[in-house]
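Asker: Mind looking at a prediction? Sequence and model below.
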Amino acid sequence: MSTPPAAGAGAGQGTERPTLADIAAAEIVSVATVSKVLNDRKGVSPETRERVTRALERAGYRKRGSERLYAPQIEIVFGSLAGEWAIELIRGASRVARAHDLTLSVVESGVRFGVAPGWARAAAQRQPAGIILVASELPDRDRAQLHSRTIPFVVVDPSGDPPPDAPSVGSTNWAGGVAAARHLIELGHRRIGVVAGPNDLMATRARVAGFRSAMEAAGLPVDPELIVVDEFQNETAPEAALRLLDLADPPTAIFATSDLKALGVYAAARERGIRIPEDLSVVGYDDLSLARWAGPPLTTVRQPLADMAAAAGDIIVRDRTNLTLSTDRIELATSLVQRDSTAPPR
C-alpha cells in the first residue's frame, strides 16, 4: 500500500506510477493523445496508438473486459486519517484489492467532508480502477469528471445524503442508536445523557434520532440538557462529558456516538471520582479494538467498518469489469456488543 499526495500520481508497491503527462512527454505526444488512447477514443493514428498503448502497459495500466486501460489500483480518500477508525476502513479496502490483484492507494485530502480543488481532474488523469471516498461529498463537477472517464467511485459513511448518481455504503446508524438506548433502558436507567458528534454529520444525526426514538417508545422524556454536541478536535477530551457530570441532576448513563468520545467520558469520570459502571454506565459506538482494552471494557455498538469498505471495493470491481457506473445504496447491520461498562443504576 502506498500513500501519494491528494492530487499526485497513483502509486503501486511503494513506487510512483508515471502520470499521463509523464507518458506524453516520453512519447513526444500531447496529454490529450494519451488520454484518447487510454479511454479508447478516436482521433489517434494506428502507429501512435500502438506506441502509446505499449507505454501505458509498461507504466502498469492494463485491460480488463474491454480495450480500455486503467491503473491497477483502488484509491481510498480521507479528509483526514483518524487513527484506528481509518485503519479499519483501509483494512477492508485492502482485502478486496489483494483479492483482485490491485494495489491500494491512500489519499488524505485535508478537506473536511470533501476533496481538494482539482482533485477530480488529477484522478481522471491517473485513471485508477476505482475510488472510495470516506465521509465525503463530491461537487457535481467532480462527479461529472469521474463519470466522463467511467471511473467507478463509492462514498463510504457519507457525511450527507448522496445524490442519486453517487453509490454509497453505510451502516444502520439509526438502529444502532436505538440499540444503545434500549440496552440502558432495560438495565433500569431513566436519566441518560448523550455525547454526540457534530450535527452536520448524517451518521451522528441518525444515531441521536435512534436514541430519541427508543426513549420515546419507552415513555421516557428526552431532556435537551442531557444531549451535548462535542465539537472538540480531540475526541477523547473530557470537556463534553464533564458538562453532563457536573449538572445538579447528572445522568446515570451516557451514550457516546463514537468509541473515542466514550474514552472522553471515561476520562471525565476519573476526573470526578466516578466509577464505571458502579456509578455511571457508558455505551460507545464503532467497536474499535480499543473498546476491548478500555478499563473496564466498553459496551458499544459495532459498526462493520472493514466490511463497509470491502463492500465499496466490490462495487468498484464489478463496475470496472462491466464498464458501468452503479447507483447502489447499501446499509450494513450494526449490533450491540455488551462488555463491562454498563450495569443497573445504583
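Answerer: It's in. Residues are numbered from 1 along each chain as shown.

Asker: mind listing the helices in the stretch 101-250 of the chain by residue range?
Answerer: Taking DSSP state H, counting those that start in this stretch to define them, one finds helices in the stretch 101-250 of the chain at 119-126, 140-148, 173-187, 202-217, 239-245.

Asker: among these, which is the most enclosed?
Answerer: helix 173-187 (a mean of 22; mean count of other Cβ atoms under 10 Å). For glycine as for every other residue, the C-beta is placed from the backbone atoms N, C-alpha and C.

Asker: quick one: low-confidence ranges for the stretch 201-346 of the chain?
Answerer: Within the stretch 201-346 of the chain, the stretches with pLDDT under 70 are 232-233.

Asker: still on that earlier bit, nearest approach to G43 belongs to which of the helices of the stretch 101-250 of the chain?
Answerer: helix 140-148 (15.9 Å; Cβ to Cβ).

Asker: Packing partners of that closest one?
Answerer: helix 119-126 (3 or more Cβ pairs under 8 Å, 6 or more residues apart in numbering; DSSP states H and E).

Asker: who's the residue minimising distance to the centre of the chain bridged to?
Answerer: The centroid of the chain falls nearest to V134 when counting by Cα atoms, centre = their mean (3.4 Å). Following DSSP bridges, V134 is listed with bridge partners V156.

Asker: Go through stretch 290-301 and flag the buried ones.
Answerer: 290-291, 294, 296, 298-301 (16 or more other Cβ atoms under 10 Å).

Asker: Let's see the distance spanning it from one end to the other.
Answerer: Across its full length, stretch 290-301 reaches 13 Å between end residues, using Cα to Cα, to the nearest Å.

Asker: Give me the contacts around that stretch.
Answerer: With contacts defined as Cβ atoms under 8 Å, 6 or more residues apart in numbering, stretch 290-301 is touched by 84, 176-177, 179-180, 183, 259, 262-263, 266, 276-277, 281-287, 334-342.

Asker: just to revisit the earlier point, compare the helices of the stretch 101-250 of the chain and give me the one nearest A309.
Answerer: Per Cβ to Cβ, nearest to A309 of those: helix 202-217, 15.0 Å.
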